[in-house]
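>>> have a look at this prediction, sequence included:
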Amino acid sequence: DQQVKQNSPSLSVQEGRISILNCDYTNSMFDYFLWYKKYPAEGPTFLISISSIKDKNEDGRFTVFLNKSAKHLSLHIVPSQPGDSAVYFCAASPLSNFGNEKLTFGTGTRLTIIP
Amino acid sequence: EPEVTQTPSHQVTQMGQEVILRCVPISNHLYFYWYRQILGQKVEFLVSFYNNEISEKSEIFDDQFSVERPDGSNFTLKIRSTKLEDSAMYFCASSGLAEEQYFGPGTRLTVT
């Protein structure tokens, strides 16, 4: 079951530069997309989300872009900081006005910020 | 800031034993979930729970698994007879209406 794919298992970026993490999905029913950050021995921490009615959502250093026709989304972090080193998970669900939709996760990308 | 908490952080059990994993969701949230992550694999949905009943469950969530909200604050996952393949990190999550899901720190379950 590869409904959500993160094809890069790891990424190294110089501090201060832009980090771009990519995610592809196959299920046309997905309408809501999220990025989570995970440190070892901790649970996933919510970062940013986007619904399919938008193509961009920004929150501070984090911006998520959605290309629905290509079934592709990306997370941009700029500028990258050493504390951003973690595993980043893309997740997707159908959009519901009532919540309660299960999340389907990608396999994650390990981001390392080089000082 | 409110957060989801889980206990214990690590549980070691023998195959065939029952385990109960406990979670305290964020207090004003309505929806509760369990996910698991087997070492080296992706985070997988197990079950969602709303209004004191299961909303959806995955194929993984067979008759050996059950969930309960025994009081106004706790949300539990019970595995009746653990198998070696149940060894994983188990994450509890909660969400409000049409909001993102917030995850707890996880319980590492080791079945020997």
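Perfect, I can see it now.

>>> so whichever residue of chain A sits closest to chain B, which state does it fall into?
In chain A, the residue that lies nearest chain B is residue A:43 (3.7 Å; Cβ to the nearest Cβ). C-betas here are computed from N, CA, C, even on glycine. Secondary structure for residue A:43, judged by DSSP: H, G, I helix; E, B strand; the rest coil, is coil.

>>> residue A:107 and residue B:41, how far apart?
Separation of residue A:107 from residue B:41 (Cβ to Cβ, to the nearest Å) stands at 8 Å.

>>> among the two, which residue is more densely surrounded?
Each of residue A:107 and residue B:41 has its neighbours counted (other Cβ atoms under 10 Å in any protein chain shown); residue A:107 has more, 18 against 12.

>>> quick revisit: the residue of chain A closest to chain B: neighbour count?
Neighbour tally, residue A:43, other Cβ under 10 Å: 22.

>>> quick one: low-confidence ranges for the chain?
In the absence of a named chain, this looks at chain A. A:1, A:96-100 (pLDDT under 70).

>>> if you could check chain B rather than the one you did, that'd help
Checking chain B against pLDDT under 70 turns up B:98.

>>> now do the strands in it.
B:5-7, B:10-13, B:19-24, B:31-37, B:43-50, B:53-57, B:65-68, B:75-79, B:88-95, B:102-103, B:107-111 (DSSP state E).

>>> which residues are in contact with the fourth one?
The contact list for strand B:31-37, computed with Cβ atoms under 8 Å, 6 or more residues apart in numbering or on different chains, reads A:99-100, A:102-103, B:21, B:23, B:25, B:43-50, B:55, B:60, B:67, B:69, B:75, B:77, B:88-96, B:101, B:103, B:106.

>>> which of those count as buried?
Listed as buried from the contacts of strand B:31-37 are A:99-100, A:102-103, B:21, B:23, B:25, B:43-50, B:55, B:60, B:67, B:69, B:75, B:77, B:88-95, B:101, B:103, B:106; burial here means 16 or more other Cβ atoms under 10 Å in any protein chain shown.

>>> coming back round to it: dump the strands of chain B into JSON lines; add distance to residue A:14 as well.
Converted to JSON lines, the strands of chain B look like this (distance: least, Cβ to Cβ, whole Å):
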{"stretch": "strand B:5-7", "distance to residue A:14": "36"}
{"stretch": "strand B:10-13", "distance to residue A:14": "36"}
{"stretch": "strand B:19-24", "distance to residue A:14": "39"}
{"stretch": "strand B:31-37", "distance to residue A:14": "30"}
{"stretch": "strand B:43-50", "distance to residue A:14": "29"}
{"stretch": "strand B:53-57", "distance to residue A:14": "43"}
{"stretch": "strand B:65-68", "distance to residue A:14": "45"}
{"stretch": "strand B:75-79", "distance to residue A:14": "42"}
{"stretch": "strand B:88-95", "distance to residue A:14": "31"}
{"stretch": "strand B:102-103", "distance to residue A:14": "30"}
{"stretch": "strand B:107-111", "distance to residue A:14": "34"}
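
>>> what are the bridge partners for the closest residue to residue B:39 other than its chain neighbours, then?
Leaving aside its chain neighbours, residue B:39 sits nearest to residue B:88 (7.3 Å; criterion: Cβ to Cβ, 6 or more residues apart in numbering or on different chains). Beta bridges link residue B:88 to residue B:109, judged by DSSP bridges.

>>> residue B:43 is in contact with residue B:88, correct?
No - counting by Cβ atoms under 8 Å, residue B:43 is not a contact partner of residue B:88; they are 9.9 Å apart.
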